[in-house]
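Participant: dropping the sequence and predicted coords here.
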Amino acid sequence: MHRDGPDVDGAARKGLRVQVCLILLLGAGLVCAPALAAQASGGGQAAMPSMNAEPGDYVGSAICTTCHDQSARQHGKLGVGCETCHGAGKAHVQGSGDKAQIFNPANGTAKEVDARCLKCHVGEHAGYDRSPHAKANLSCVSCHSIHGGSDPEHSLNAPQPALCFQCHSAVQPQFSLPSHHKVNEGVVKCTGCHDPHAAMPGQMSRNMASQNATCAKCHKDQAGPFAYEHAVVKVEGCTSCHSPHGSQNARLLNVSNVNKMCLQCHSAANLAASASGPAHSQMSKDVACTSCHTKIHGSNADRNLLK
């Protein structure tokens, strides 16, 4: 039997459909909002996983080794688990290896990487964040491999000096000059004189107290202390006369002629006025100052550094 009037059931069904659509739209908005925010703030790239995680978010290195066998073993020799550096792995595992759910130092910023490494190594490198390397935006993994490397002692990405020459290319030719420290020959390492982690001005001397102390580690006989010091050594340091990497001149000297070196401070006028007798009547050019003043680094016997 046909009934005139409003279709109550049809109106109810239509209202229900509208409600369902509204709920679906609201749910989609909640799901998409974080992704849209990430795109707005980070160019569409997901943020690195947080270092703060609950105990249940960690899966243990044994799980990591099912896919990353060789990598997981390297730092593990020191008792450090994969998740110590990479963060909790539960979300990464549940995501079938989703790379966005685990911290990868290769994709992190220098500050993010250094923060992870310095959790353990801050005692060794407390001032690294103020060092020239850090200020140049180099991170720990710029030089070190967290899974190993060609240098097993320090996990370097390449052996010295090749690693250092990747950036310090201007210094490399100096070690091929006639007089040079034997870095290319493997006798001396860059890190023997320089501390790559130190917050030091200038050349990051290995010894925090004195550049001369760095040189004295090998050149002990010239280190002193002496009863009669050579002032320039104490005030300006070894590099006032010597080029530390290499030189065309003998004994790594900055100047080819020893007398010219000495006359940079001891002018001919001063010598003529102070000398008694013919000793300094501008000696033959073939006679070096060091023929008489042999103790040029310092002496315990003579204030004029004579032999």
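Facilitator: Good, I have the coordinates. Fair warning: this is a prediction, and the values are worked out from it, not measured in the lab.

Participant: measure Val287 to His293 for me?
Facilitator: 11 Å (CB to CB, to the nearest Å). All C-beta atoms are positioned from the backbone trio N, CA, C, and that covers glycine.

Participant: between those two, point out the one with more neighbours.
Facilitator: Between Val287 and His293, counted using other CB atoms under 10 Å, His293 has the larger neighbour count: 18 against 11.

Participant: surely the more buried one and Asn304 touch.
Facilitator: Yes - using CB atoms under 8 Å, His293 makes contact with Asn304 at a distance of 6.7 Å.

Participant: what secondary structure does Val141 sit in?
Facilitator: Assigned by DSSP: H, G, I helix; E, B strand; the rest coil, the conformation of Val141 is helix.

Participant: leaving out the residues flanking it, which one is nearest to it?
Facilitator: Distance criterion CB to CB, 6 or more residues apart in numbering; nearest residue to Val141, sequence neighbours excluded, is Pro105 at 4.8 Å.

Participant: again with His297
Facilitator: In this structure, His297 finds its nearest non-sequential neighbour in Gln222, 4.1 Å apart by CB to CB, 6+ apart.

Participant: how many residues are close by the one you found?
Facilitator: Residue neighbour count, defined by other CB under 10 Å, stands at 17 for Gln222.

Participant: what's near enough to touch it?
Facilitator: 215-216, 297-298 (CB atoms under 8 Å, 6 or more residues apart in numbering).

Participant: repeat for Leu138
Facilitator: With CB under 8 Å, 6+ apart, Leu138 has these contacts: Ala110.

Participant: re earlier: how about the contacts of Gln222 in CSV, adding distance to Ala88, pLDDT and neighbour count?
Facilitator: Below are the contacts of Gln222 laid out as CSV (distance: CB to CB, whole Å; pLDDT from 0 to 100; neighbours: other CB atoms under 10 Å):
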residue, distance to Ala88, pLDDT, neighbour count
Cys215, 48, 90, 22
Ala216, 49, 89, 16
His297, 58, 93, 19
Gly298, 60, 93, 18
